[in-house]
Structures are given as structure tokens and as C-alpha cells.
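Participant: Turn this into a model:
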Amino acid sequence: MRVGWLVDTRVLRKLLGWHEKLSGVKSKPYSSGKIDWVRFEDLKRSEKAVGQVYPVIKNAKGKVLDGIHRKRVNPNWKEVTLPIEDDLQSLRMRVHLNIMRRKILGEEKRDWIQEARRMLQERGLKGTQKEISEALGMTRSWVAKYDPITHEEHSKLLRRNNFFGYNVWGFKDEGWRKLIISGDPNQPDKEGYHGHTPSFVIHQLIKMFQPKEVLDSMAGVGTVGYVCKQYTPKIECDQYDLYPYPEYGVEEGDAEKVQPGKTYDLIFNHIPYLAMTKYGDHPEDLSNMKNADYYGKLNRIFKRNHDLLNEDGIYAVLVGDWRCGGQLISLTSNTVLIGLKTGFALQDVAIKLTGEMESKSLQEYRAAKGGYLAQTYDTVLMFRK
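Facilitator: Numbers count the residues shown, from 1 in each chain. Below is the predicted model of the structure:
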């Protein structure tokens, strides 16, 4: 059964009124995540007394906008499908369908506002209270009353441009959203519960943390310095590596022993993944070391960088895992543990999609031969003192 997008709320209110009058069951306040508020026996008794007067409302994608608990009482409860596919319009309808027929807890209203703000920001808007008010069809004062972020806090966030995107890095745009597989709309109860360093990694870190002084003590060909030179004013960057590259400003230096004579706002290291790739014959090269020596040196590097980092600075590490001898060696997990042991706190984590990896066919061949999943990402760990 389908109806038009504009639903006369007066008719729905009247239906609800008849429903309550005939059954003797009043609408109870509840939060969608706390089903103890709902009296299932009352719903069952109501259905038996007057039938299924008030239908379950779904959007065109099959998402329940109103009636989750009626569906739990009876999976075959009659439904009305609204021709709405847009998620923001679906949220608007959900708000009005629920507000007009029951008392809503403040917690749920705050969740609606946060959800609307997220959707608006994904569309390139700021998610202000005015925008949320217009999107939900509610008054500005109603939004201000239940917004978990005060107007002053939100204005401050907007001035700082403090939204940095999502924790998967490497997509060209947000077209990936259209590729996400949706959940099965027929699944019961689900509605109620809630690889060298690519330059974009460094650009994102600079965008997030606005450093003035940067250090890369495993600089390779000098990607970090190359990126820093693109900013105005130019970001100062010191680069060291066991294998110097003077042409690109990379001086000779061991990451655990560098003594630049100053501290930094951002330190970045793209560490070797054990012996996955051999970079040279230097005895202090991590890629020449066995497990115990590797982790021992990495621990000393972390301690050195802890000393070289400003109090509000960030130490970012790009790392990936390694398959060897049929086993997964989780360098990422071990690196996190070393960071915590050193005295860092894990500020954030991002997935860096691997676009520069070896040919797809070779990756798939190796994965099929070894019986494991092909690796398509590395991890950016962001530590703070």
C-alpha cells in the first residue's frame, strides 16, 4: 500500500485518538533504545480490542519510520509505505509521526538533532540550528532546546572549521556512500538497536593539527618535506633517514638518535613492516631486524619522539600488518601497545586505502594461495602526549 508524500497529520492524530479511546491504552513515553518503556502486553491487548488501527509507516527503502514496537508485537502488522527515499526527508517524517502521537524523551530528540546535523554536513552544509530547523520542519526554539551542542559551542566549532571528514582516507570524493551495501530490510528487530606514504595522508594531518614545525625521521624520498613546502606560510620540516637523500632535503640520521635541538608540533614516521621490504644494509635499519630487535628499537624510537614532541603535539605513525608463514603479524596492534607503554595516548585512528599497491592480480593470487584476505589498507595511528 502506498500513499502520497504529504500525509495529513490531523487524520493520523484522529486515528490515534480513536485507538486510545477504544482500547483504553494511552501512549507511553519511551526511548527507541530502551524497550523497557514499552508495554508489549498493552499493545497486544490493544490489537485484540480494536485491531491494527494505526499502521507501521515505512519509507521507500523499507526503513521503519514509525511502528517498530508494533512490528515486534506482530511481524505481520499492516504497513503503509511512503514514497520517500531521501534519508533527511525520512528523518523529518519520523520526527513528526512520533511527536504527534506520544511523549518523546529528550534523549531521543537530541539523537534526532545530531542525526540531522550529520546528514546536513555530509551534504556540504554546516548543520546549524537554523538549517536543522528547516530540514526537520520544527521551530528554531525547539531545536535550540534539545540540541546537545549549545549555540555558542557550535559557533566556535564552525569558526575553527573543526570537522575533518571521516576516518577512511583515500577516496576522491564521497561517491563511496552510494556503494555501501544496505542491511536487509526484512531482518527482524534491527531498527531498534542501535601503502610509500601518499601525500594526501600528510595533507590531512596538516589540516587536522595545523603544525608549524614538523619532523620525519624515517623520511625516505622526502614526501613530508615536499608537502610542507606547498603551504603558505611554508611549514618548517626537518627530515632524516639512515639513507640520506640530500636532493630532497633528507639528512642522514637514525630515528632513535636524532638531536635537532628543538621540539615539534607534528612528528611523522612510516615504519618498515618488519622484513616485508628490505631498504638497505645499514645495521640499524628496522627492515633488517628480527622480532625482538625490531620491537626493541621501535620502542626506543617512540621514546625519542616523545621527548621531541611539544606538549600539544601529535606523533603520527603509518603502519600495516604483514602475512608471513601463513600467519598474520599484527604490527598495528603491537605499535599501539608500544605507544601506550611509552606514555602516549591514542588520539585517533584512520584507515589509509592502499592505491599504490602491487597489481591487483598479484595481490589476489598471493591471498588465494595463502588462504587469507587481500590487504587493501594501512593504518594511521595518531598519538598525543
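Participant: My guess is residue 147 contacts residue 129. True?
Facilitator: Yes - if you go by C-beta atoms under 8 Å, residue 147 and residue 129 touch, sitting 5.9 Å apart. (Each C-beta comes from the backbone N, C-alpha and C, glycine too.)
Participant: how about the strands of the stretch 251-385 of the chain, start to end?
Facilitator: Counting by DSSP state E, counting those that start in this stretch, one finds strands in the stretch 251-385 of the chain at the ranges 264-270, 309-319, 322-324, 327-329, 345-353, 377-384.
Participant: would you list those in TSV and tack on mean pLDDT and mean neighbour count?
Facilitator: Compiled in TSV, the strands of the stretch 251-385 of the chain are given as follows (pLDDT from 0 to 100; neighbours: other C-beta atoms under 10 Å):
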stretch	mean pLDDT	mean neighbour count
strand 264-270	98	24
strand 309-319	96	20
strand 322-324	81	16
strand 327-329	85	13
strand 345-353	95	16
strand 377-384	96	20
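Participant: just so I know, which of those strands lies nearest residue 365?
Facilitator: strand 322-324 (13.1 Å; C-beta to C-beta).
Participant: Using PDB, write down the CA coordinates of stretch 206-226.
Facilitator: Extracted C-alpha coordinates of stretch 206-226, given in PDB (Å, rounded to 0.1, in the frame of the first residue of the first chain):
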ATOM      1  CA  ILE A 206      48.300  19.200   8.500                       C
ATOM      2  CA  LYS A 207      44.700  20.100   8.000                       C
ATOM      3  CA  MET A 208      43.800  18.500  11.300                       C
ATOM      4  CA  PHE A 209      46.600  19.600  13.500                       C
ATOM      5  CA  GLN A 210      47.900  22.900  11.900                       C
ATOM      6  CA  PRO A 211      51.600  22.300  12.800                       C
ATOM      7  CA  LYS A 212      54.300  24.900  12.400                       C
ATOM      8  CA  GLU A 213      57.300  22.600  13.000                       C
ATOM      9  CA  VAL A 214      57.300  19.000  11.500                       C
ATOM     10  CA  LEU A 215      59.800  16.200  11.900                       C
ATOM     11  CA  ASP A 216      60.000  13.000   9.800                       C
ATOM     12  CA  SER A 217      62.900  10.800  11.000                       C
ATOM     13  CA  MET A 218      62.200   8.000   8.500                       C
ATOM     14  CA  ALA A 219      61.800  10.300   5.600                       C
ATOM     15  CA  GLY A 220      62.700   8.100   2.600                       C
ATOM     16  CA  VAL A 221      62.400  10.200  -0.500                       C
ATOM     17  CA  GLY A 222      61.100  13.200   1.500                       C
ATOM     18  CA  THR A 223      57.300  13.200   0.900                       C
ATOM     19  CA  VAL A 224      56.600  15.100   4.200                       C
ATOM     20  CA  GLY A 225      59.000  17.900   3.300                       C
ATOM     21  CA  TYR A 226      57.600  18.100  -0.200                       C
END
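Participant: In contact with residue 127, which residues?
Facilitator: Applying C-beta atoms under 8 Å, 6 or more residues apart in numbering, we find residue 127 in contact with 116, 117, 118, 120, 121, 154.
Participant: Where is pLDDT lowest across these?
Facilitator: Among the contacts of residue 127, residue 154 carries the weakest pLDDT, at 63.
Participant: Which positions in stretch 293-304 come out as buried?
Facilitator: 294, 295, 297, 298, 299, 300, 301, 302, 304 (16 or more other C-beta atoms under 10 Å).
Participant: For the fifth one, which residues are in contact?
Facilitator: If I follow you right, that is residue 299. 338, 341, 342.
Participant: Keep only those of those that are in helices.
Facilitator: Within the contacts of residue 299, residues falling in helices by DSSP state H are 338, 341, 342.
Participant: Go ahead and build a ChimeraX selection from the buried members of those.
Facilitator: Buried residues within these, by 16+ other C-beta under 10 Å, are selected in ChimeraX with:
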select :338,342
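Participant: starting at the chain centroid, how far to stretch 94-103?
Facilitator: What separates the centre of stretch 94-103 from the centre of its chain is 29 Å, taken as C-alpha atoms, centre = their mean, to the nearest Å.
Participant: what pLDDT, on average, does that stretch get?
Facilitator: Here the average pLDDT along stretch 94-103 is 82.
Participant: Run through the residues that contact the spatially closest residue to residue 82 that is not a sequence neighbour.
Facilitator: Spatially, and ignoring its direct neighbours in sequence, residue 82 is nearest to residue 59 (5.6 Å; C-beta to C-beta, 6 or more residues apart in numbering). Counting by C-beta under 8 Å, 6+ apart, residue 59 touches 65, 81, 82, 84, 85, 90, 93.
Participant: Considering the residues you listed, which is situated nearest to residue 215?
Facilitator: residue 90 (48.0 Å).
Participant: Distance check, that closest one against residue 276.
Facilitator: From residue 90 across to residue 276, the span is 46 Å (C-beta to C-beta, to the nearest Å).
Participant: higher neighbour count, those two?
Facilitator: More crowded of residue 90 and residue 276, by other C-beta atoms under 10 Å: residue 90, with 19 against 14.
Participant: The protein - how does it break down into domains?
Facilitator: 9-162, 199-384 (automatic domain parsing).
Participant: Could you give the backbone dihedrals for residue 65?
Facilitator: In terms of degrees, to the nearest 10, the main-chain angles of residue 65 are phi -90, psi -30.
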